[in-house]
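> Coordinates only, no sequence provided:
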């Protein structure tokens with residue numbers, strides 16, 4: 001079979017044998033790909049450091065029966081150096097990678113939007129221009145939208161009555177009106193659902209003026225909504241450390257950076 005090449009975010013890695021590693025890649029064209037990187041744990045490995053989690057790479061692979069084989073790697077962007085030295089940003093990056101792997105679905109199912117969003121979110125975390133937990137919430141909301149799980153925010157999740165509505169229920173699918181409100185629905189503080197809308201739209205000037213208690217409630221709703229749909233808890237979300245001081249706004253849309261990674265010249269493991 002012929003070699004193939006793609007751009008990828010390194011999502012995860014674990015040991016194989018005495019010198020090899022299995023790396024999980026979120027590629028632009030082929031979705032999740034698991035591949036063997038032979039000899040990368042040896043000190044003389046030429047591309048072992050390029051396959052660390054958080055790296056954005058151009059990788060060449062040889063198709064195999066069960067696992068592909070990495071034959072060449074070029075680093076496009078190395079986000080790890082700006083992420084791993086800060087606990088809050090490190091845990092945020094880990095949560096982004098774990099979410100990306102869960103939402104990508106089956107191996108080799110193309111997910112180009114999720115791939116671009118994941119690279120953009122890691123780039124924003126590494127840039128340190130915004131509070132990392134807000135970047136994570138915006139990422140989770142948009143990633144759930146790609147998966148078809150976006151919470152209803154502007155209208156009732158059950159009857160589609162235009163909002164704003166005060167109640168929120170993850171099982172119902174988001175905001176609910178007074179007529180459709182099921183038992184156990186939460187009543188967030190004023191401004192929480194508005195913050196979720198602003199995060200989804202990338203209205204950062206509005207987002208960064210929101211009080212801390214509103215941010216915390218919004219983060220809780222986002223995490224609950226995601227994990228309800230995944231039917232499992234993400235290991236990394238409880239570890240997120242929140243910023244004490246908010247960074248000043250520097251852009252009005254997106255994560256403050258491009259949403260499609262440019263070419264240029266590492267985190268969780270199993």
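All right, it came through fine. Since this is a predicted model, take the numbers as computed values, not measurements.

> mind listing the strands for the stretch 151-270 of the chain?
With DSSP state E, counting those that start in this stretch, the ranges of strands along the stretch 151-270 of the chain come out as 167-169, 174-176.

> can you put those strands in TSV and add mean pLDDT, mean neighbour count and distance to residue 23?
Backbone N, C-alpha and C define where each C-beta goes, glycine included. Below are those laid out as TSV (pLDDT from 0 to 100; neighbours: other C-beta atoms under 10 Å; distance: least, C-beta to C-beta, whole Å):
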stretch	mean pLDDT	mean neighbour count	distance to residue 23
strand 167-169	96	23	38
strand 174-176	97	26	36
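
> any chance of those in CSV, plus distance to residue 121?
Output for the strands of the stretch 151-270 of the chain, formatted as CSV (distance: least, C-beta to C-beta, whole Å):
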stretch, distance to residue 121
strand 167-169, 24
strand 174-176, 22
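
> Determine which of those approaches residue 183 most closely.
Among the strands of the stretch 151-270 of the chain, the nearest to residue 183 by C-beta to C-beta is strand 167-169 (9.0 Å).

> by contact count, what packs against that closest one?
In terms of contacts (3 or more C-beta pairs under 8 Å, 6 or more residues apart in numbering; DSSP states H and E), strand 167-169 is packed against strand 174-176.

> returning to what we had before: do you know which of the strands of the stretch 151-270 of the chain lies nearest residue 14?
Short answer: strand 174-176, nearest of these by C-beta to C-beta, at 36.1 Å.

> Please list the outside residues in contact with that closest one.
The list of residues contacting strand 174-176 from outside it, by C-beta atoms under 8 Å, 6 or more residues apart in numbering, reads 150-158, 163-165, 167-169, 182, 185, 193, 225.

> Local confidence estimate at the spatially most central residue of the chain?
Residue closest to the mean C-alpha point of the chain, counted by C-alpha atoms, centre = their mean, is residue 96 at 3.0 Å. pLDDT, residue 96: 97.
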